[in-house]
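Trainee: Fold the following, please.
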Amino acid sequence: MSTTEPATPGGASPAPDAPTYLSHRNILIILGGLMAGMFLAALDQSIVGTALPQIVSEFNSLDKLSWVVTAYLLTSTASTPLWGKISDLYGRRPLFIAAIVTFLGGSVLSALAQNIEQLIGFRAVQGLGAGGLMSLAFATIGDVIPPRERGKYMGYFGAVFGLSSVAGPLLGGLLTDGPGWRWIFWINLPIGLVALGIVAAVLKLPHVKRSHKIDYLGAAIVTGAVTSLLLAVSWSGPTNGWGNGTTIALLAGAVVLAVAFVLVELRVSEPIIPMDLFKGRIFSGYAGYAFLLGFAMFGALIFLPLYLQAVKDLSPTRSGLALLPMIVGIFSASIPSGQLMSKTGRYKIYPMISAVLVGGAMVLLSTIGLHTPYWHLAIYMFIMGAGLGLSMQITVTAAQNSVPRQHMGTATSTMTFFRSMGGAIGTAVYGAVLTSRLKVHLGDIVPATAQNMVEPLAKAANSVQALHGLKEPMKGWALSGLVNAMDDVFLVSLPFLAIALILAVITPEQRLAGRNDGPKSEEEQNAELEAAASSMG
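Mentor: Purely as a prediction, here's the structure:
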């Protein structure tokens, strides 16, 4: 019995490039493999954090601590658009398998690392595979499920992404406190092998071969631009200062390379990211929205565990459990909203409500203090989770539905790329705000006779262990300054969320295509791009 259904009505033979959508049963099987792969990639963004103190102790390398995280972030973000474009040319299945194998290889090597330099290099390999896992999972969903039905499945992806983001610190704490930090990499093997087996056995989609030419120059330039930017915001800025010559040079290099990338992409026949995609108001609007939501989201995910561990004195494991209300919020919003989107074909309202809820959660989080009851915090986190769950994958579906089918992988990976960049830049901005505001608040809190303690207390705030080792009244001063600085961090996100809300309001909505709508003709696709471009004018 056939496992696919042609997208053309009336039983006519589908066009060579017609969508080949799978049956519900086969979609569920494939979904397990795709979600397992995406879970791995998202989990490893956060699971390492709780293990870093033990890694530093074993390798005696505090000065290279940030590179363990930065190396992964750098290669996963830079490679995302490349995976999407190459999969458009050669097919999803071989590229997804290659991404899983690369990720698992990096995991094994990271678990066996004998020094910090090896671990950094192997984390970079891991990140390279993760860039493919994240983007290709969504692109494959676009291949096998029609847009109208996609919402009810994408809701599960949103829940998995939220679960992995919040469960990372919890699982990292459990493994680090138990068998040791190397198990945060070994645990990837059984999950990855399951994903590999499912994808290799079941994901057999027809791929239309066409002449192609890889844009090697564009790939090199975009990798250089992302590398320069992430090194500036994740390493040089926080370490050397934002006015440092190295930081300025890296930021300037990122701008120059970004402009060069756009110019190259406008001229090559097979661009890594076709600039025509941004002529469409739906795609460009939700790309900006994804960036801004990523900016806000990662700030909350980073500083809430810090508050729970530093102020509430919870262990890494218990602080992970304390984040459960956010997971509940994500699940309670992402799955029902996906179901409703599939039922009605409408999606515009969800990103709007999402921006409002996340903004409201940030306002509430900006009121937390030393003695805020946990049940207050749980409500705030639930609202945050619900806001994130309403839009995390719906925006991807809307963007996929707005572009020609041959650009599905590129469009999906570009959306993932913008959200990752938003998270990376947001994390750096929030860190800079926390550092600067901490000193200001400490200056206000510490008595005039003890102002010489402001700098040492600010340094102590960089370590939970150092904070807890302080004696009163210095510990009280430091914790009060830290909480006040966190309140400022949450407020910083509000202007960005306001812009996200405006984008959600002004971005038009396009009917979600159903299973029997058939592929759009080249003339229809060109007409839509031209209409979108003229409407922007």
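Trainee: so how many other residues sit close to the nearest residue to Ala361 once chain neighbours are set aside?
Mentor: Closest residue to Ala361 apart from its sequence neighbours, by CB to CB, 6 or more residues apart in numbering: Met384 at 3.8 Å. (Glycine included, C-beta is placed from N, CA and C.) Using other CB atoms under 10 Å, Met384 has 26 neighbouring residues.
Trainee: Kindly list the main-chain dihedrals of Met384?
Mentor: Here is the backbone geometry of Met384 (degrees, to the nearest 10): phi -60, psi -50.
Trainee: Isn't it up against Val328?
Mentor: No - between Met384 and Val328 there is no contact under CB atoms under 8 Å: 11.1 Å.
Trainee: just the strands in this structure please.
Mentor: For the chain, the strands defined by DSSP state E occupy 4-6, 20-22.
Trainee: If I average pLDDT within each of these, which one is lowest?
Mentor: Least confident of the strands of the chain, judged by mean pLDDT, is strand 4-6 with a mean of 40.
Trainee: Give me the distance from stretch 280-292 to the chain's centre.
Mentor: Stretch 280-292 sits 15 Å away from the centroid of its parent chain (CA atoms, centre = their mean, to the nearest Å).
Trainee: Not counting its own residues, what contacts stretch 368-381?
Mentor: 304, 307, 311-312, 322-323, 325-326, 329, 361, 364-365, 479-480, 483, 486-487 (CB atoms under 8 Å, 6 or more residues apart in numbering).
Trainee: got the buried residues for that stretch?
Mentor: Residues Ile368, Thr372, Leu377, Ala378, Tyr380, Met381 are the ones in stretch 368-381 that count as buried (16 or more other CB atoms under 10 Å).
Trainee: In helices, which of those fall?
Mentor: Among the buried residues of stretch 368-381, the subset assigned to helices under DSSP state H consists of Leu377, Ala378, Tyr380, Met381.
Trainee: Quick check: which ranges of the stretch 251-400 of the chain have low pLDDT?
Mentor: Applying pLDDT under 70 to the stretch 251-400 of the chain picks out residues 298-301, 316.
Trainee: could you redo the last one with a cut-off of 90?
Mentor: For the stretch 251-400 of the chain, applying pLDDT under 90 flags the ranges 261, 264-284, 287, 290, 293-348, 370, 385, 388-400.
Trainee: Tell me the spacing between the residue nearest to Val262 when sequence neighbours are not counted and Ile145.
Mentor: Distance criterion CB to CB, 6+ apart; nearest residue to Val262, sequence neighbours excluded, is Met275 at 6.6 Å. Counting by CB to CB, to the nearest Å, the gap from Met275 to Ile145 is 28 Å.
Trainee: same question, Trp375
Mentor: Counting by CB to CB - Trp375 and Ile145 are separated by 39 Å.
Trainee: do the same with Ala355
Mentor: From Ala355 across to Ile145, the span is 26 Å (CB to CB).
Trainee: and what of Ala260?
Mentor: Using CB to CB, Ala260 is found at 37 Å from Ile145.
Trainee: Between those two, which has more neighbouring residues?
Mentor: Ile145 (25 against 16).
Trainee: Quick check, the more buried one in contact with Asn26.
Mentor: No - using CB under 8 Å, Ile145 makes no contact with Asn26, being 10.5 Å away.
Trainee: I'd like to know how far Gly422 sits from Val429.
Mentor: Distance of Gly422 to Val429, computed by CB to CB: 10 Å.
Trainee: Give me the more crowded residue out of the two.
Mentor: A count of neighbours by other CB under 10 Å puts Gly422 above the other of Gly422 and Val429, at 23 against 18.
Trainee: Hmm, the more buried one is touching Ala287, no?
Mentor: No - with contact defined as CB under 8 Å, Gly422 does not reach Ala287; the gap is 10.1 Å.
Trainee: pretty sure His468 is touching Ser315, no?
Mentor: No - in this structure, His468 is not within contact of Ser315 by CB under 8 Å, at 11.4 Å.
Trainee: Quick check on the nearest residue to His468 once chain neighbours are set aside: phi, psi?
Mentor: The spatial neighbour of His468 that comes closest, neighbours along the chain excluded (CB to CB, 6+ apart), is Asp313 at 6.9 Å. Asp313 adopts backbone torsions of phi 60, psi 40, taken as degrees, to the nearest 10.
Trainee: and Asp313, how many neighbours?
Mentor: Each residue near Asp313 was counted by other CB under 10 Å, and the total is 13.
Trainee: now the one 10 residues further on
Mentor: When counting by other CB under 10 Å, one arrives at 24 neighbours for Leu323.
Trainee: cool, the one 5 residues further on as well?
Mentor: For Val328, the number of neighbouring residues by other CB under 10 Å comes to 18.
Trainee: Which residues are in contact with it?
Mentor: With CB under 8 Å, 6+ apart, Val328 has these contacts: Phe382, Gly385.
Trainee: what's the spacing between it and Gln465?
Mentor: In this view, Val328 and Gln465 are 30 Å apart by CB to CB.
Trainee: cool, Lys279 as well?
Mentor: To Gln465, Lys279 is 52 Å away according to CB to CB.
Trainee: Can you pick out the residue with more neighbours from these two?
Mentor: Each of Lys279 and Gln465 has its neighbours counted (other CB under 10 Å); Lys279 has more, 18 against 10.
Trainee: What ranges does the stretch 151-300 of the chain have for its helices?
Mentor: With DSSP state H, counting those that start in this stretch as the criterion, the stretch 151-300 of the chain has helices at 183-186, 188-202, 216-231, 237-240, 245-265, 281-310.
Trainee: With distance to Ile502 added, can I get these in CSV?
Mentor: Output for the helices of the stretch 151-300 of the chain, formatted as CSV (distance: least, CB to CB, whole Å):
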stretch, distance to Ile502
helix 183-186, 40
helix 188-202, 38
helix 216-231, 25
helix 237-240, 28
helix 245-265, 24
helix 281-310, 10
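Trainee: How about Leu390, nearest residue that isn't a chain neighbour?
Mentor: Spatial nearest neighbour of Leu390, excluding adjacent residues (CB to CB, 6+ apart): Ser354 at 4.0 Å.
Trainee: ok, back up a step: any idea which of the helices of the stretch 151-300 of the chain is most buried?
Mentor: helix 281-310 (a mean of 23; mean count of other CB atoms under 10 Å).
Trainee: so how far is that one from its chain's centroid?
Mentor: Centroid separation for helix 281-310 versus its chain: 8 Å, with CA atoms, centre = their mean.
Trainee: Please renumber the chain so that the first residue is 25 from this point on.
Mentor: Happy to do that; since the first residue is 25 now, the last one works out to helix 305-334.
Trainee: Can you report phi and psi for the residue lying closest to Ile238 once chain neighbours are set aside?
Mentor: In space, and not counting its chain neighbours, Ile238 is closest to Glu294: 6.7 Å by CB to CB, 6+ apart. Dihedral pair for Glu294: phi -130, psi 70, per degrees, to the nearest 10.
Trainee: Confirm for me that Glu294 is in contact with Asp239.
Mentor: Yes - in this structure, Glu294 is within contact of Asp239 by CB under 8 Å, at 5.5 Å.
Trainee: Tell me the residues that contact both of the two, please.
Mentor: Residues touching both Glu294 and Asp239 (CB under 8 Å, 6+ apart) are Lys109.
Trainee: Give me the more crowded residue out of those two.
Mentor: Comparing Glu294 with Asp239 by other CB under 10 Å, the one with more neighbours is Asp239, at 21 against 16.
Trainee: any idea how far the more buried one lies from Gln69?
Mentor: The gap separating Asp239 from Gln69 is 28 Å, by CB to CB.
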